[in-house]
Structure formats: structure tokens, C-alpha cells
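Novice: Have a look at this prediction, sequence included:
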Amino acid sequence: MHAIVMLPPPEKLLEVINLQTEIAQLGLDLGGVMALVAQRTLALLSAEGAAIELAEDGDMVYRACAGITAPHLGLRLKIAQSLSGLAVTGGKTLVCDDAETDARVDIAACRKIGLRSMLVVPLNHKGTIVGVLKAVSVQPHKFSEIEIGLLQLLSEQVAAAMFFATKYDIDDLFYKATHDDLTGLTNRSLFMDRLRALLSSRQAQTIGILMIDMDGLKQVNDSFGHRIGDAIIREFSNRLGTSSRISDTVSRLGGDEFGVILHPVDSGDGIAAAVARINSAIAAPFSFENRGYALSASIGSAQFPDDSGDINALLEIATCACIKRSGVTGRSRTPRLSGLDAGQTGAALRFGVIPPRPHLTAGCRRPARPGIGRPTAAGSTDNPGNGGSEIPQQRQLFLRFHTFGDDLQA
């Protein structure tokens, strides 16, 4: 006797199909695809949280997050002690109806996130299970077979993106998932992963965090085109990298947002010295195709353990300091455009990085900017025009309706 297949509602299937178009627009930006899928999972499954976890060195690592999992980007769980790890080792879709009574889950992590039920679907990359796509809810018994089918369809889209974005092996996959496609810098996911690891180390030294905000990108894109905007982003990234030490982590956190982890750093003037190096490196005008662009930066900082021992508090302190230095009140921000000399037009840009975080107070929250609206959980480029990737050949979505009884373990 054949199992009864519960088909998702037509409007939900249409959402999945439309998502395929958005994924194609992101091209080879695997981090952006992962962030987008995590974000879309919320509405598609009416879930409070979603994550894409990759299996790395015995851990399941949160590489893209949305909803209630967002504050935990970069979180690591042991493969052998989590439901996601079991899904990877067993290659099966798993459902947890109630984390409080399910012995398979990492209950401490579940309580930290605030979830009660979850749905975990393996991600298959070239015949190897490399991670999971997970939906979570604060309600027990949240997910039915319809949600299982929808999440499996989304997992196939992530797997397809992995296939097109990586040409060689598993190492290439992890690099693409943790680095920005346009600049080659580490992305938000790896930034948070390294920061969590440093703060949790028993031998933790003094650590500095810089948030750097780059304003005016939209105006450059509108005035000169996205190709010029990409060139400016790459130049700024190069200067940021060359002015930092090999032990530091330099990341592009979003379209016009960058962050630096200074480790180790002198508790005296170490952060001030780093800021001075960055300002000096980006002070020289940038010339591209016979036009000059003046680069400048707004930089905020925080120091562990002097300012705080909590990761969210440190990020908020650095963010607020960056906002204060840029002169932004939280209500308006008008970047200036000016010529470098009488015969040449230049865009005077102010640069910086503030990852959008729901825990920020109203006085520190950055206003939404036109043209910047893509989810940035894993390292996507906030500005849709500055992804820096070519769109691969159109990928067709083949909707398959699964017989869930064959691969589901509740």
C-alpha cells in the first residue's frame, strides 16, 4: 500500500518557485543564498526561526540564521550531541516535537535559543551530507508533513546553489560559505564564529572589535553604476586588509558594512593604533577609469573584557560608537558627494559596518536604507546590485512530492 502524500498548498509552492528566481539573481554568492533561504523559511513554514548548519571539524556550525536563531550565528554544537548532527550522520529528515522531552537534542542549546520543536533536513552536496536546513518554533508539535515537504524543497535549492557555487571539493564549499564573493574577505558567519571562539577561550586575551560604516554606496551606484560601486568596495576592502595584522579577522558583514576583530590587542592604545592605521590606509584618493573617489571611514570600537564580557553587548557598544562618530542620529543620513578638484568629479564616501541586530536599543539602531534589504545572516551583500557575481545559467526547479514515510524519522 502506498503512503498518502500531503501536497503543500499551491500558494506555498508558488513561493518556492519565486524563491528560485531570487536565488538565480544572487549568482555564485553562496553565503547570500544561504541567508536568503533561511529568511524565507520563516514565512514559508510559519516558523519563528531558521538556520543552515554546516558540519565542520566535529561540530555543527550555524552559518546562516533568521528569526530567533539570528543572535546565535556562528554557534557550534557537537555533531554527536545534537539533532542536526544525527541528521547528518544518518542522512535522514528528523523532527523534534518537543525539545523538553526529546533525548536526541542538545537541551541547553534549545533553551538558550528558546525553541520547543524543530524540523531538520540534510543537505546533500555531491553525494556527501555536509549540513542541514533547520526550521524551529517556540511551540511544541509545530511541524506537519506539509512543512516537511516544503523544507525538503528548500533544501534542494540550497544543494543546487552549492553545486553551482563550488567547482571542486568540500573545502571549496566551506570557503564559499564563509567568505564574501566580491571581496574575498571573511563574511558575517565566520566573523561571529571566530569572535565567539575567542571570547569563550579560557586563555582569552584582550580583544578589540571595530565596526566600520561605509555610507554613500547607493549614491555611487545610482550616479556611476554598480560596476563602479563594486570597484570601490573592493578597493576599500583591500586597504582594510593591508592595514590589518595577519592575526586580525577582517570581514565584510554586508553591502557597505565591515568589521575587524583585533587579537591580540594592547589594553592601552592598541585599538587607537589600529584605527589610525585604517584611517591612514584609506585616506589616499582612489582613481578608477579616470575618475577620483575620496574614501573615508566612521569607526566604532569596543574592548573585551574592559567594556563587557558579553558578545552582544560588545557589538552594541562598537555599533553605537560608530554611529556617534558618523554623526548619525538614527533619523536621517545624507552622504555627501563632492568633486576632488575643479575638473574631476569624485564621490566622498564614509565607510563603516554595523550588522543589523534586533537587540540594539532604539538610540543605536540604524535606519533602513533604500536598496538595501536582503537578509545578511551569512554574508550576503545587502545591496542587490553589489553582489559581484555573474548569474549562472538558469536553474530549473523540479517540484518533487516526497513519500515522507520512506525518509522520515520522527
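Specialist: Here it is on my side, so go on.
Novice: How many neighbouring residues does E22 have?
Specialist: Burial of E22 is recorded as 16 neighbouring residues (other CB atoms under 10 Å). (C-beta placed from N, C-alpha, C; glycine too.)
Novice: From A50, how far out is the closest residue to it other than its chain neighbours?
Specialist: The spatially closest residue to E22, leaving aside those adjacent along the chain, is L36, at 6.1 Å (CB to CB, 6 or more residues apart in numbering). Distance, L36 to A50, using CB to CB, to the nearest Å: 11 Å.
Novice: more crowded one of these two?
Specialist: Comparing L36 with A50 by other CB under 10 Å, the one with more neighbours is A50, at 30 against 27.
Novice: which helices and strands does the host helix or strand of the more buried one pack with?
Specialist: Following DSSP states H and E, the helix or strand that holds A50 is strand 49-56. Counting by 3 or more CB pairs under 8 Å, 6 or more residues apart in numbering; DSSP states H and E, the packing neighbours recorded for strand 49-56 are helix 30-45, strand 59-67, helix 83-90, strand 128-137, helix 170-178.
Novice: Pick the most deeply packed of these.
Specialist: The highest mean neighbour count among the helices and strands packed on strand 49-56, using mean count of other CB atoms under 10 Å, belongs to strand 59-67: a mean of 28.
Novice: Export only the CA atoms of that strand, formatted as PDB.
Specialist: Written as PDB, here are the backbone C-alpha positions of strand 59-67 (Å, rounded to 0.1, in the frame of the first residue of the first chain):
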ATOM      1  CA  ASP A  59      30.800  20.400  15.100                       C
ATOM      2  CA  MET A  60      27.500  21.700  13.600                       C
ATOM      3  CA  VAL A  61      28.100  25.400  12.900                       C
ATOM      4  CA  TYR A  62      25.300  27.900  12.400                       C
ATOM      5  CA  ARG A  63      26.300  29.500   9.100                       C
ATOM      6  CA  ALA A  64      23.100  31.300   8.200                       C
ATOM      7  CA  CYS A  65      20.300  32.300  10.600                       C
ATOM      8  CA  ALA A  66      17.000  34.100  10.700                       C
ATOM      9  CA  GLY A  67      14.400  34.800  13.400                       C
END
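Novice: Direction included, what does that strand pair up with?
Specialist: strand 49-56 (antiparallel), strand 76-78 (antiparallel) (DSSP bridges).
Novice: so can I have a markdown table of those showing distance to A177 and mean pLDDT?
Specialist: Listed next are the strands paired with strand 59-67 as a markdown table, based on distance: least, CB to CB, whole Å; pLDDT from 0 to 100:
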| stretch | distance to A177 | mean pLDDT |
| --- | --- | --- |
| strand 49-56 | 6 | 93 |
| strand 76-78 | 15 | 93 |
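Novice: Of those, which stretch is the most buried?
Specialist: With neighbours taken as mean count of other CB under 10 Å, the strands paired with strand 59-67 reach their highest mean count in strand 49-56, at a mean of 26.
Novice: what's in contact with that strand?
Specialist: 34, 37-39, 41-42, 60-70, 72, 77, 79, 84-85, 88, 113, 115, 123, 129-137, 158, 174, 177, 378 (CB atoms under 8 Å, 6 or more residues apart in numbering).
Novice: Name the spans of the stretch 51-200 of the chain whose pLDDT lies under the cut-off.
Specialist: Low-confidence segments of the stretch 51-200 of the chain, defined by pLDDT under 70, are located at 165-170.
Novice: What's the separation between the residue nearest to E22 and L83?
Specialist: Noted for L36: a distance of 24 Å to L83, by CB to CB.
Novice: and D307, which of the helices and strands packed on strand 49-56 is closest to it?
Specialist: Closest to D307 of the helices and strands packed on strand 49-56 is strand 59-67 (CB to CB; 24.5 Å).
Novice: And stretch 105-115, what's buried?
Specialist: If you call a residue buried by 16 or more other CB atoms under 10 Å, then stretch 105-115 has these buried ones: 105-106, 109-110, 113, 115.
Novice: again, but for stretch 259-278
Specialist: 259-263, 265, 270-271, 274-275, 278.
Novice: out of the residues you listed, what pair is the most spread apart?
Specialist: Greatest spatial distance in these: G259 and G270, 16.6 Å, computed using CB to CB.
Novice: Return the set of buried residues in the helix or strand where D230 lies.
Specialist: With secondary structure defined by DSSP H and E, D230 is part of helix 226-242. Of the residues in helix 226-242, those scored as buried under the neighbour-count criterion (16+ other CB under 10 Å) are 226, 228-237, 239-240.
Novice: can you list these in a markdown table and add pLDDT?
Specialist: Putting the buried residues of helix 226-242 into a markdown table (pLDDT from 0 to 100) gives the following:
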| residue | pLDDT |
| --- | --- |
| H226 | 85 |
| I228 | 88 |
| G229 | 87 |
| D230 | 90 |
| A231 | 91 |
| I232 | 89 |
| I233 | 92 |
| R234 | 92 |
| E235 | 92 |
| F236 | 92 |
| S237 | 92 |
| R239 | 92 |
| L240 | 92 |
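Novice: Can you check which helix is longest in the protein?
Specialist: helix 145-165 (DSSP state H).
Novice: and the angle for that helix with helix 170-178?
Specialist: Regarding helix 145-165 and helix 170-178, their directions subtend 110 degrees when assessed with axes from the mean of the first three to the mean of the last three CA atoms, to 10 degrees.
Novice: Dump helix 145-165 to CSV, keeping only the CA atoms.
Specialist: Included here for helix 145-165 are C-alpha records, laid out as CSV according to Å, rounded to 0.1, in the frame of the first residue of the first chain:
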residue,chain,number,x,y,z
GLU,A,145,4.2,16.6,6.8
ILE,A,146,3.3,19.6,4.7
GLU,A,147,6.1,21.6,6.4
ILE,A,148,8.4,18.7,5.9
GLY,A,149,7.8,18.7,2.2
LEU,A,150,8.3,22.4,1.9
LEU,A,151,11.6,22.3,3.8
GLN,A,152,12.8,19.5,1.7
LEU,A,153,12.1,21.5,-1.4
LEU,A,154,14.1,24.4,0.0
SER,A,155,17.0,22.1,0.9
GLU,A,156,17.2,21.1,-2.7
GLN,A,157,17.6,24.7,-3.7
VAL,A,158,20.4,25.2,-1.2
ALA,A,159,22.0,22.0,-2.6
ALA,A,160,21.7,23.3,-6.2
ALA,A,161,23.3,26.6,-5.1
MET,A,162,26.2,24.7,-3.5
PHE,A,163,26.7,22.7,-6.7
PHE,A,164,26.9,25.8,-8.9
ALA,A,165,28.9,27.8,-6.5
